[in-house]
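1. just need the structure, nothing else, for what follows:
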Amino acid sequence: MVHPANSSSLNTAVIYGSVRRDRQGIRAARFLVNKLEARGHNVALVDAKEFPLPILDLRYSEYDEGTAPEPMQKIHEMLDAAGSQEPA
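-> Reported below is the predicted structural model:
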């Protein structure tokens with residue numbers, strides 16, 4: 001959900017890294033996202049289970065432009081937007 005920008009609005013990301021079958025922390029991550037959005041902040045949830053990455057031996061910046069694995073590119077875009085001054 002995108003809210004109009006205001007002087008106290010934040011662009012941020014909540015990163016949840018567990019991919020276990022019976023993971024419980026995702027509920028806390030979603031709770032944080034919901035609470036932050038309710039306060040008018042722009043929040044991206046980066047859930048490792050939704051972005052199946054291969055074993056990575058390179059950082060994003062080490063890939064030539066347009067050659068990073070697709071899930072890595074998507075996460076980069078989400079984090080880049082979370083760090084921007086403009087709402088996503």
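
2. so, low pLDDT: which residues of this structure?
-> For the chain, the stretches with pLDDT under 70 are 1-7, 84-88.

3. separation between Val19 and Gly25?
-> For Val19, the distance to Gly25 equals 11 Å [Cβ to Cβ, to the nearest Å]. C-beta: built from backbone N, CA, C; applies to glycine.

4. next: Gly17.
-> 9 Å.

5. what pairs with the residue most central in space within the chain across the strands?
-> With distances taken as Cα atoms, centre = their mean, Val46 lies nearest the centre of the chain, 3.3 Å away. Applying DSSP bridges to Val46 gives these bridge partners: Ile15.

6. is it true that it touches Asp80?
-> No: contact criterion Cβ atoms under 8 Å: Val46 and Asp80 do not qualify, at 11.7 Å.

7. verify the contact between Gly17 and Glu50 for me.
-> No: the pair Gly17 / Glu50 is not scored as a contact, 11.6 Å apart, by Cβ under 8 Å.

8. overlap in contacts of those two?
-> Shared contacts of Gly17 and Glu50 (Cβ atoms under 8 Å, 6 or more residues apart in numbering): none.

9. where along the chain do the strands fall?
-> 11-16, 42-47 (DSSP state E).
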